[in-house]
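1. here are the coordinates; sequence isn't available:
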């Protein structure tokens, strides 16, 4: 299938590692020019070098905190110059999960979590919307979690925030139609830095990474028997953001290995 991404301009927040970097790599391989941002300049430099090794001159990498409105606006201005005044795809990919119960979550943590989940979507969409409007086939893909539809008691704060973000993006799909398509991916457990850190903190240091992750998959009752890899949600993101998905908006695609229990 031709995704028709040659010479398209894409922006990926949180693009220096994990799913964001995997998404940027697939976009570059499909012929797009990609702007990535993240907070860690060294990690950004490494990510840019990896992407430029695929195709030279096709990547813009800028340090940016997506919760800083002025920093996001400055990033958008840089992209506008680099991308000749347009953006065809915005991928909002930022934020990790908070493990906490209702009893253990403080007011400050509730506010911090809602601020991160909402404004990591709101600020980039606000900043890049004029550039999306200049595209002939603009799209937004929000990276969200299955927690939006299937909350977990040990992640009550993140689950609530994720549900609100899902509602927000569904609303924007209607508000921005017919100009800009807005879709989401809902992630289950994907092998990432977050899970690597939990593996490294395991009580039994003799347990191999393979065995620890296999045990996690069993514990979480993932029908496919494993965690996802970053490339797997990245492929769905690239498809939803491409002209090949031109009649899809307001949709959410689960990338969860079958772990969802809702209909």
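-> Received the coordinates, thanks. Quick caveat: nothing in here was measured; it's all calculated off a predicted structure.
2. Only C-alpha atoms from now on, for both contacts and neighbour counts.
-> Fine.
3. What ranges does this protein have for its strands?
-> 9-13, 33-38, 59-63, 89-92, 139-145, 181-187, 252-255 (DSSP state E).
4. Need the residues that contact stretch 164-176.
-> The contact list for stretch 164-176 (CA atoms under 8 Å, 6 or more residues apart in numbering) reads 117-118, 121, 142, 144, 148, 180-184, 249-251.
5. tell me the two of those that are most distant?
-> 148 and 180 (22.7 Å; CA to CA).
6. So which elements touch the lowest-mean-pLDDT helix or strand in the chain?
-> The weakest-scoring helix or strand in the chain, judged by mean pLDDT, DSSP states H and E, is helix 193-200 (a mean of 81). Helix 193-200 sits against helix 209-219, with contacts defined as 3 or more CA pairs under 8 Å, 6 or more residues apart in numbering; DSSP states H and E.
7. Quick one: mean pLDDT for the helix it packs on?
-> For helix 209-219, mean pLDDT rounds to 89.
8. try stretch 31-39
-> 97.
9. For residue 77, grab the count of nearby residues.
-> Neighbourhood size, residue 77 [other CA atoms under 10 Å]: 16.
10. Local confidence estimate at it?
-> Confidence at residue 77, expressed as pLDDT, is 98.
11. Against residue 129, how distant is it?
-> 12 Å (CA to CA, to the nearest Å).
12. now swap in residue 116 and tell me
-> 20 Å.
13. Pull the contacting residues for the closest residue to residue 253 other than its chain neighbours.
-> Distances taken as CA to CA, 6 or more residues apart in numbering put residue 185 closest to residue 253, at 4.8 Å, once the chain neighbours are dropped. Neighbouring residues of residue 185 by CA under 8 Å, 6+ apart: 141, 142, 143, 144, 145, 233, 236, 237, 252, 253, 254, 255.
14. Name whatever forms a beta bridge with residue 185.
-> residue 143, residue 253 (DSSP bridges).
15. Pull out the buried residues from the helix ranked longest in the chain.
-> In the chain, assigned by DSSP state H, the helix with the most residues is helix 107-133. By 16 or more other CA atoms under 10 Å, the buried positions in helix 107-133 come out as 110, 113-114, 116-125, 127-129, 131-133.
16. Now do that helix against strand 139-145, angle only.
-> Using axes from the mean of the first three to the mean of the last three CA atoms, to 10 degrees, the direction of helix 107-133 lies 160 degrees away from that of strand 139-145.
17. Check the gap between the residue nearest the centre of the chain and residue 209 for me.
-> Note on the chain: the residue nearest the mean C-alpha position is residue 93, at 2.4 Å, using CA atoms, centre = their mean. Taking CA to CA as the measure, residue 93 falls 26 Å from residue 209.
18. do residue 262 as well
-> The spacing between residue 262 and residue 209, counted by CA to CA, is 30 Å.
19. out of those two, which sits in the more crowded spot?
-> residue 209 (14 against 6).
20. who's in contact with that one?
-> Residue 209 sits in contact with residue 199, where contact means CA under 8 Å, 6+ apart.
21. okay, the spatially most distant residue from the centre of the chain: pLDDT?
-> Within the chain, the residue lying farthest from the chain centre (CA atoms, centre = their mean) is residue 206, at 33.1 Å. Per-residue confidence for residue 206 comes out at a pLDDT of 86.
22. Look up phi and psi at it.
-> phi -80, psi -10 (degrees, to the nearest 10).
23. count of neighbours near the spatially closest residue to residue 62 that is not a sequence neighbour?
-> Closest residue to residue 62 apart from its sequence neighbours, by CA to CA, 6+ apart: residue 37 at 5.0 Å. Summarising burial for residue 37: neighbours were counted as other CA under 10 Å, giving 25.
24. Who are the contact partners of residue 37?
-> Residues in contact with residue 37 (CA under 8 Å, 6+ apart) are 12, 13, 14, 15, 16, 44, 61, 62, 63, 64.
25. try 6 Å this time
-> 13, 14, 15, 61, 62, 63, 64 (CA atoms under 6 Å, 6 or more residues apart in numbering).
26. neighbours of residue 90, just the number please.
-> Neighbour tally, residue 90, other CA under 10 Å: 26.
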